[in-house]
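>>> sequence and predicted structure below; questions after.
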Amino acid sequence: MLSLHWWGLPTALLVLLCCPGFSEDAFQVNMWPEQLVVEPSGSLEVNCSTNCVRPDLGGLETPLPKVLLARQPQWQLYLISNISEDTALYCYFTCAGKQLSKGANVSVYHPPKLVMLKLQPTWVAMGRPFTMECRVPAVAPLESLTLTLLRGRDPLHNQTFGRATSAPQEATATLSITAGREDSHHNFSCQAELDLRAQGGGILRSFSEPQVLQVYEPLQDNQMVIIIAAVSVLLFLFVMSVLLCFVFGQHWRQKRTGAYQVRAAWRRLPKAYRAQQA
């Protein structure tokens with residue numbers, strides 16, 4: 001028991017000298033999270049805290065609507081809502097007449113909700129080029145976006161973007177490649193990845209609908225000549241058959257019409273004249 005009391009006094013003195021909250025020079029203000037990302041018109045929770053044991057004053061400065069959810073002498077929890085654009089927040093506390101603040105930036109992001117892939121053409125001869133075009137209508141921040149063109153699960157091309165405005169913009173990635181025999185056995189797609197880890201968020205991924213490429217082998221020159229000759233002969237035979245049918249049809253019609261006219265004239269003669277002739 002004596003040894004415990006002997007060590008207890010130096011330990012208490014060490015805590016008073018070294019631990020935060022017991023010295024005005026070590027006065028600190030903290031905000032959590034330090035990096036904030038949110039979708040348009042979204043909301044988030046912010047915690048303001050200090051190591052001052054009995055702060056005189058504390059709060060959160062923001063032009064956005066805020067609600068105090070909970071508080072203790074050394075921390076306060078706020079709900080920030082209706083965030084529509086990038087802004088800044090400031091936590092502040094006053095301890096022993098000294099005021100400190102801590103700021104954090106809020107970034108508004110637009111996720112890649114719609115990813116569209118187009119193959120041009122969709123029917124191509126082996127060894128001929130075709131184009132893959134991936135398009136994302138509205139995304140932000142653009143510098144955090146990567147578009148990846150895929151054949152099956154294999155990446156063919158990665159497209160990154162430079163720093164742009166905070167407003168949502170359209171992003172496009174294009175690749176021209178040569179069609180191979182194996183391309184008709186794979187689906188083509190596009191992946192849009194928005195990496196928000198630098199802003200305090202996570203990684204968001206979206207995929208396009210898979211597209212199919214039809215690849216055929218080009219015909220040899222002699223095969224093409226044979227096909228053209230065969231088509232020409234068939235076309236000639238078809239035309240000749242139509243003409244012959246028309247000629248024979250007209251001849252048959254004239255014969256029947258002539259016979260009908262002779263019979264009609266004979267019937268119009270008087271019966272007595274017909275009897276003499278008979």
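That came through, no problem.
>>> and residue 177, what does it touch?
129, 130, 132, 156 (Cβ atoms under 8 Å, 6 or more residues apart in numbering). (Each C-beta comes from the backbone N, C-alpha and C, glycine too.)
>>> what bridges to the third one?
What it means is residue 132. residue 119, residue 175 (DSSP bridges).
>>> quickly note the distance from it to residue 158.
13 Å (Cβ to Cβ, to the nearest Å).
>>> which residue packs closest to residue 204, ignoring adjacent ones?
residue 194 (4.4 Å; Cβ to Cβ, 6 or more residues apart in numbering).
>>> element containing that neighbour, please.
Residue 194 is part of strand 187-195, with elements assigned from DSSP states H and E.
>>> among the contacts of residue 177, which one sits closest to residue 183?
Nearest to residue 183 among these is residue 130, at 8.4 Å by Cβ to Cβ.
>>> could you find the closest non-adjacent residue to the closest one?
Residue 130's closest residue in space is residue 124 (Cβ to Cβ, 6+ apart), at 4.7 Å.
>>> the one you found: what's it in contact with?
Residue 124 neighbours (Cβ under 8 Å, 6+ apart): 130, 179, 213, 214, 215, 216.
>>> quick check: the residue most central in space within the chain vs residue 36, distance?
In the chain, the centroid-proximal residue (Cα atoms, centre = their mean) is residue 115; its distance is 1.9 Å. Relative to residue 36, residue 115 is positioned 26 Å away (Cβ to Cβ).
>>> quick revisit: quick one, which of the contacts of residue 124 are buried?
Those of the contacts of residue 124 that meet the buried threshold are 130, 179, 213, 215, by 16 or more other Cβ atoms under 10 Å.
>>> residue contacts, the first one?
Taking Cβ under 8 Å, 6+ apart as the criterion, residue 130 is in contact with 119, 120, 121, 124, 176, 177, 178, 179, 213.
>>> if I look at it, how far off is residue 235?
33 Å.
>>> how much space between residue 161 and residue 172?
For residue 161 relative to residue 172 (Cβ to Cβ), the value is 10 Å.
>>> what ranges of the stretch 151-278 of the chain fall below the confidence cut-off?
Counting by pLDDT under 70, the ranges of the stretch 151-278 of the chain that qualify are 219-226, 250-278.
>>> for it, just list every one of the strands.
154-160, 169-178, 187-195, 203-207, 211-212, 214-216 (DSSP state E, counting those that start in this stretch).
>>> report the secondary structure state of residue 113.
coil (DSSP: H, G, I helix; E, B strand; the rest coil).
>>> what about it, neighbour count?
Residues lying near residue 113 (other Cβ atoms under 10 Å) number 12.
>>> setting aside sequence neighbours, what's the nearest residue to residue 114?
Closest to residue 114 by Cβ to Cβ, 6+ apart is residue 137, at 5.6 Å.
>>> and the helix or strand containing that neighbour, which residues are buried?
Assigned by DSSP H and E, residue 137 falls within strand 129-139. Going by neighbour count (16+ other Cβ under 10 Å), the buried part of strand 129-139 is 130, 132, 133, 134, 135, 136, 139.
>>> so what pairs up with the last one in the strands?
Pointing back at residue 139 there. Beta bridges link residue 139 to residue 169 when assigned by DSSP bridges.
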